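K.L.:
Any chance you could fold what I've pasted below:
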Amino acid sequence: MKSQLRDCFLPPIAELDEAATLLDQAANELLKNDLDLARKLIKEADMPIIWDHISKIIRKINPQVHHQSRKPSATLMPKEAQVKMPGLAYQRTIHIRDGWRCRYCGCRVISKAARKVLIDFFPVEARWGRTNLEKHWALGALTAFIDHVVPRSYGGNNDPENLVTACTACNAGKWHWTLEELDLSDPRNKDPNVDSWDGLMRLVTPRLKIP
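P.N.:
Numbers count the residues shown, from 1 in each chain. Coordinates of the predicted model:
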């Protein structure tokens with residue numbers, strides 16, 4: 001019996017939204033040069049429960065979570081035949097179109113450029129080590145990615161109609177599978193949620209000077 005389609009792998013937990021709000025506030029304080037308060041907010045956003053949630057999606061494949069119906073196959077297009085990832089400027093137009101929100105789970109995401117600003121200013125609080133366990137939980141989980149709805153391994157192209165914004169977990173969980181193989185509904189059937197959320201891009205435009 002075919003499983004019922006779902007929007008994402010797991011419903012997002014409330015702490016993801018709380019962390020996005022804390023990072024939003026931290027960005028505001030950084031722009032006001034209140035580094036101590038910004039540092040405190042970034043530390044508060046580093047919630048272990050976020051890793052507990054996303055690790056169920058980005059680590060070992062669990063059929064109960066991923067609903068994946070096949071193993072990686074040699075019939076997939078070889079990497080050299082797949083389209084390359086679009087450039088950063090093009091990716092940014094997709095993120096703006098999508099309101100800087102994951103089109104699967106709906107969580108707010110932040111730009112990689114803004115993430116780098118926070119890491120550069122606050123290398124201790126916005127920790128960014130080599131492994132997932134050494135990375136700031138919220139900055140890691142809420143990073144904006146580009147997902148090809150029709151995977152590149154199936155011949156998916158870089159047309160904007162085939163690209164959606166995805167958070168770390170939804171992007172990693174989808175990998176090279178199709179929506180059908182994962183029992184996921186088509187995210188393009190839902191209108192993007194666009195409001196004042198800017199993915200913290202306001203940190204990227206000004207030339208902030210690290211003390």
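K.L.:
ok, how many other residues are close to the nearest residue in space to E44 that is not next to it in sequence?
P.N.:
Spatial nearest neighbour of E44, chain neighbours left out: L22 (5.3 Å); criterion: Cβ to Cβ, 6 or more residues apart in numbering. C-beta here means a position set from N, CA and C on the backbone, and glycine is covered the same way. As a burial measure, L22 scores 20 neighbours (other Cβ atoms under 10 Å).
K.L.:
Can I get the helix or strand bottoming out on mean pLDDT in the chain in CSV? Just the C-alpha atoms.
P.N.:
Of all helical and strand segments in the chain, the minimum by mean pLDDT, DSSP states H and E falls on helix 63-66, at a mean of 88. What follows is helix 63-66, C-alpha atoms only, in CSV (Å, rounded to 0.1, in the frame of the first residue of the first chain):
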residue,chain,number,x,y,z
PRO,A,63,13.3,3.8,6.1
GLN,A,64,10.8,5.0,8.7
VAL,A,65,12.1,8.5,8.3
HIS,A,66,13.2,8.6,4.7
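K.L.:
residues in contact with the residue nearest to E44?
P.N.:
For L22, the contacting residues are L41, I42, E44, A45, A138, by Cβ atoms under 8 Å, 6 or more residues apart in numbering.
K.L.:
Hmm, the second one is touching I119, no?
P.N.:
No - counting by Cβ atoms under 8 Å, I42 does not reach I119; the two are 9.7 Å apart.
K.L.:
Report the buried residues of the longest helix anywhere in the chain.
P.N.:
Longest helix of the chain, by residue count under DSSP state H: helix 14-31. With burial defined by 16 or more other Cβ atoms under 10 Å, the residues of helix 14-31 counted as buried are 15-16, 18-20, 22-30.
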